[in-house]
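Engineer: My questions concern the predicted model and sequence given below.
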Amino acid sequence: MKSANPTQANTKKGGAPVGGFRKESNLELAKLVDSKVRVKCLGGRELVGTLRGYDDLVNLVVDDCDEFLRDENDLTRITNQKRNLGLVVIRGTQVSLVSPNDGTEEISNPFVAEGDD
């Protein structure tokens with residue numbers, strides 16, 4: 001006997017959907033297309049450029065892209081020095097943060113004691 005509820009009929013044991021059911025993405029990258037964005041990647045790279053496109057896997061196409069260079073003495077610190085990369089594709093597996101570049105500012109870390117910087 002088949003279930004009247006199609007979502008129950010098409011689920012695996014753990015409740016995961018099978019077939020044509022898909023969870024809707026909660027990313028709102030569409031409103032950032034054609035605007036300046038800052039992308040932080042796994043491994044510490046930071047990029048700034050104009051978001052031209054993206055897909056469901058968060059692969060990004062960024063134009064006029066600049067990469068912020070790291071401090072030679074402390075590789076965990078990002079400097080204000082940049083190198084121009086031009087048009088790049090950033091794999092979604094490497095993206096950890098996408099944010100608008102305008103309207104953001106860096107603040108001091110409230111958890112670091114004075115003099116630890």
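Structural biologist: Yep, it's here.

Engineer: Tell me how far the longest strand seen in the chain lies from the chain's centre.
Structural biologist: Looking across the chain with DSSP state E, the single longest strand is strand 78-90. Averaging C-alpha positions (Cα atoms, centre = their mean, to the nearest Å) puts strand 78-90 15 Å from its chain's average.

Engineer: Please apply the same query to stretch 103-117.
Structural biologist: 22 Å.

Engineer: State the distance from residue 103 to residue 59.
Structural biologist: Residue 103 sits 25 Å away from residue 59, going by Cβ to Cβ, to the nearest Å. Just so you know, the C-beta spots here come from the backbone N, C-alpha and C atoms, and that holds for glycine as well.

Engineer: oh sorry, the question was meant for residue 42
Structural biologist: From residue 42 to residue 59 the distance is 14 Å (Cβ to Cβ).

Engineer: more neighbours, those two?
Structural biologist: The neighbour comparison of residue 42 against residue 59 (other Cβ atoms under 10 Å) goes to residue 59, with 15 against 9.

Engineer: these two touch, right, the more buried one and residue 88?
Structural biologist: No - assessed by Cβ atoms under 8 Å, residue 59 is found out of contact with residue 88, at 10.9 Å.

Engineer: Residue 50 in helix, strand or coil?
Structural biologist: strand (DSSP: H, G, I helix; E, B strand; the rest coil).

Engineer: Residue 75 versus the residue nearest to it when sequence neighbours are not counted, what's the distance?
Structural biologist: Sequence neighbours aside, residue 63 is the residue nearest to residue 50 in space, at 4.6 Å (criterion: Cβ to Cβ, 6 or more residues apart in numbering). Taking Cβ to Cβ as the criterion, residue 63 is separated from residue 75 by 27 Å.
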